[in-house]
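> I'd like to go over a predicted model; first the sequence, then the structure.
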Amino acid sequence: MIHLPEHETASAMWRVFPRALKVPLDPREVEEFGAQFGTVSTRDGGRGAWPIAPSKVSGTFSETSGEARLHTDAQYHEQPESAFILACERPALDGGDNLLLEAADARRVAESCFGTDGIALLEAAQWCWTVPKVFYVNGNPQVSPEAPIFGRDGSVRWRIDNIRCRTAQDRDLAIEFADALESYGRLTRLRLEPGDVLLCDNYYALHGRTPFSDPKRLLYRVRLV
């Protein structure tokens with residue numbers, strides 16, 4: 001678990017730093033800001049500050065407009081990065097707000113939906129995820145090692161659109177879980193303004209965004225270890 005700076009309005013798993021950076025953003029300064037909280041990771045895409053901007057009709061969340069369903073980053077790696085920052089240069093005019101949910105609340109959703117047997121399945125190391133094409137390196141596996149959705153330490157690893165399931169029953173369970181997460185009444189919604197930075201724990205929180213179509217929306221993500 002990352003250790004976030006104390007702040008009276010922060011969750012234990014995330015914090016927003018208002019107007020922390022000058023706009024237009026300099027990717028190097030975004031990386032320097034992130035380096036206060038961990039080591040900048042460049043293993044996906046070869047750069048630390050990765051632009052989050054609509055550039056394709058289809059692709060991973062960082063390349064497209066529309067909604068991003070609740071997920072954790074780098075769930076397709078055996079060891080995901082432990083945290084990330086999102087720095088905002090220009091918010092969308094029509095949505096694109098950040099959604100956040102603590103892993104403990106995600107587990108409560110699963111317990112309510114599935115009970116003990118369902119939780120046991122979500123804790124089993126039988127789930128895997130396809131690597132997004134933009135992050136696929138020739139010669140490396142295109143599917144993650146099998147892992148649990150809920151770790152015994154309270155962590156979570158999750159994404160619905162690239163999950164690989166062993167059986168149709170497992171697929172049905174995953175879809176039902178994804179839908180239940182989206183309808184949970186305690187989602188935190190944050191709108192980042194120019195210069196704002198969100199710092200988030202990637203092991204103990206899920207994040208997503210509301211739909212948008214504005215092609216000029218631009219944020220930068222830096223993953224941290």
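It's in. Numbers count the residues shown, from 1 in each chain.

> and the pLDDT at the residue positioned nearest the centre of the chain?
With distances taken as Cα atoms, centre = their mean, the chain has Thr72 as the residue nearest its mean C-alpha position (3.5 Å). pLDDT for Thr72: 98.

> hmm, Gln126 and Arg166 touching each other?
Yes - when contacts are counted by Cβ atoms under 8 Å, Arg166 is listed as touching Gln126 (6.0 Å). C-beta: built from backbone N, CA, C; applies to glycine.

> quick check: can you list the domain ranges of the protein?
As given by automatic domain parsing, the domain ranges for the chain are 14-101+187-224, 102-182.

> packed most tightly, which of those domains would that be?
Neighbour counts averaged per stretch over the domains of the chain are highest for domain 14-101+187-224, at a mean of 19; criterion: mean count of other Cβ atoms under 10 Å.

> max-length helix in the chain?
The helix of greatest length in the chain, counted in residues with DSSP state H as the criterion, is given as helix 103-123.

> can I get it as CSV, trimmed to CA atoms?
Coordinates of each C-alpha in helix 103-123 appear next as CSV, following Å, rounded to 0.1, in the frame of the first residue of the first chain:
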residue,chain,number,x,y,z
ALA,A,103,-11.0,-2.3,-2.8
ALA,A,104,-12.8,-2.9,0.6
ASP,A,105,-16.0,-1.5,-0.9
ALA,A,106,-15.5,-3.7,-4.0
ARG,A,107,-15.3,-6.7,-1.8
ARG,A,108,-18.5,-5.7,0.0
VAL,A,109,-20.2,-5.5,-3.4
ALA,A,110,-19.0,-9.1,-4.2
GLU,A,111,-20.1,-10.4,-0.8
SER,A,112,-23.5,-8.9,-1.3
CYS,A,113,-23.9,-10.4,-4.8
PHE,A,114,-22.3,-13.8,-4.5
GLY,A,115,-21.8,-14.8,-0.8
THR,A,116,-19.1,-17.1,0.4
ASP,A,117,-18.9,-19.3,-2.6
GLY,A,118,-18.6,-16.4,-5.0
ILE,A,119,-15.9,-14.7,-2.9
ALA,A,120,-13.9,-18.0,-2.9
LEU,A,121,-14.0,-18.0,-6.8
LEU,A,122,-12.9,-14.4,-6.9
GLU,A,123,-10.0,-15.2,-4.5
